[in-house]
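**Student:** here is the input, now give the coordinates:
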Amino acid sequence: MVSNEQRRRQLAREKFERQQQRREVARRKARRRNAVIAAGLAVVLAAGATAYATGVLSGDDKDKVDTAADSAPSPKKPDPCAKPAPGSPSAKTWKSEPEMSVDKSASYSMDLKTTCGSIDVKLDAANAPHTVNSFEFLAKEGFFDHSKCHRLTTAGIYVLQCGDPKGTGQGGPGYTLPDENLKDSRLKGNVYPAGTIAMANTGQPHTGGSQFFLVYQDSQLPPQYSPFGTIGAEGLKVLKKIADTGEQSGAGDGAPNATVVIDKAAVTKN
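**Tutor:** Predicted coordinates for the structure are as follows:
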C-alpha cells in the first residue's frame, strides 16, 4: 500500500516532469524562432539571384511554458524621426566589386545621417578590407543616400537592417563580396554583441552585397555574417530609440514603425 508521503513524492515528481517537458517544448520553439529570424537576415542580391523567402514569425511560435492568454497589442508609439531629406534612392549597379584602394593600416569611420539621428561607426579595414573598401566606394557614389532601413527585428535577435535602395530586402549593388572576419574574437559563443555592424547575405558563403545590419542588443547568430565595424555610443542610442517604437508586423520581425531613412552616408579615412 502506498503511503501518503510516497504519494506526495510521486505527485511532486510527476509535476516536475510535466514542467520539464513544457520547458523543453518552449526551448525548441525558441530555437526554431531564432533560426527563422536568422535566416531572414539573408537577402536577395540584385545579381540575378532567385527570390528568397524571408522568415516571418507566427502566433504559433510564441513560447507557452504555462497556459496564459495572449496580451493585447501595445499602442503604437509616436514616430520619433524627422521627415526624409529630398531625394530619391539610387538605382545604380555595377558588374564587379570595386578595385581595392582601402589602406588596411589606416583608420576609417562611417557616418550614417538618418532621419532618426546620426549613427557613427568605426570601420575595421584591417580585418574586413573588401567590405570597408566597398562601403567607401558605395558611399562616394551616393548609393545609400535616401534609402530606407527596411527591417527591424525585436525578438530573438535585435537588429536594424539597411543598405537596400529598393527598400524591399531584395536590392544590392550588382556584385558580391567575400566573407571576412568571421573568426572575430568578439563573436564569443555565437553572439554578435550590441554595437556590431555586419553584412547580411543569402545564407550562402560569399554572397554579401550592400545590405548590412546594426546590432542594438546582444544577438545569438551563427558566425556567417561578416562583422566589419563597431557602432559608437551615440549611434546605439539612436538604434534603441528606433527599436523602442517596434515593428509593423507585431511578430517581432518587420518594417520599423519609425521612419528610418539614411539621408546621407559618408566614409572617412581618419
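**Student:** can you pull out the strands in this structure?
**Tutor:** In the chain, the strands defined using DSSP state E lie at 108-114, 117-123, 147-148, 151-153, 159-162, 191-192, 196-199, 212-215, 219-220, 227-231, 253-254, 261-269.
**Student:** give me every residue that touches the nearest residue to G117 once chain neighbours are set aside.
**Tutor:** The shortest distance from G117 to any non-neighbouring residue, by Cβ to Cβ, 6 or more residues apart in numbering, is to V238 (3.8 Å). Yep, even glycine has a C-beta here, placed from its N, CA and C like the rest. Shown in contact with V238 (Cβ atoms under 8 Å, 6 or more residues apart in numbering): 114, 116-119.
**Student:** from F212, how far out is the nearest residue to A125 once chain neighbours are set aside?
**Tutor:** Nearest non-adjacent residue to A125, counting by Cβ to Cβ, 6+ apart: V132, 4.4 Å away. Applying Cβ to Cβ, to the nearest Å, the value for V132 to F212 is 12 Å.
**Student:** what do the two both touch?
**Tutor:** By Cβ under 8 Å, 6+ apart, the residues touching both V132 and F212 are F228.
**Student:** more neighbours, the two?
**Tutor:** In terms of neighbours (other Cβ atoms under 10 Å), F212 is the more surrounded of V132 and F212; the figures are 28 against 25.
**Student:** number of residues surrounding the nearest residue to that one once chain neighbours are set aside?
**Tutor:** Using Cβ to Cβ, 6+ apart and skipping the chain neighbours, the partner closest in space to F212 is G163 (4.8 Å). As a burial measure, G163 scores 28 neighbours (other Cβ under 10 Å).
**Student:** rounded mean pLDDT for stretch 112-131, please.
**Tutor:** Stretch 112-131 shows a mean pLDDT of 98.
**Student:** buried stuff in that stretch?
**Tutor:** 112-117, 119-125, 127-131 (16 or more other Cβ atoms under 10 Å).
**Student:** and stretch 211-228, by the same measure?
**Tutor:** 211-217, 219-221, 223-228.
**Student:** wait, the residue nearest to F212 touches A198, no?
**Tutor:** No. At 11.1 Å, G163 does not count as touching A198 under the criterion of Cβ atoms under 8 Å.
**Student:** list residues touching both of those two?
**Tutor:** By Cβ under 8 Å, 6+ apart, G163 and A198 have these common neighbours: F212.
**Student:** look at K92 and say how many residues are nearby.
**Tutor:** For K92, using other Cβ under 10 Å, the count is 12.
**Student:** any idea how far it is from T115?
**Tutor:** According to Cβ to Cβ, K92 and T115 sit 22 Å apart.
**Student:** for A233, same thing?
**Tutor:** Separation of A233 from T115 (Cβ to Cβ): 20 Å.
**Student:** what's the answer for Y108, then?
**Tutor:** Distance from Y108 to T115, by Cβ to Cβ: 24 Å.
**Student:** how about K166?
**Tutor:** According to Cβ to Cβ, K166 and T115 sit 18 Å apart.
**Student:** could you do R186 as well?
**Tutor:** As judged by Cβ to Cβ, R186 and T115 stand 29 Å apart.
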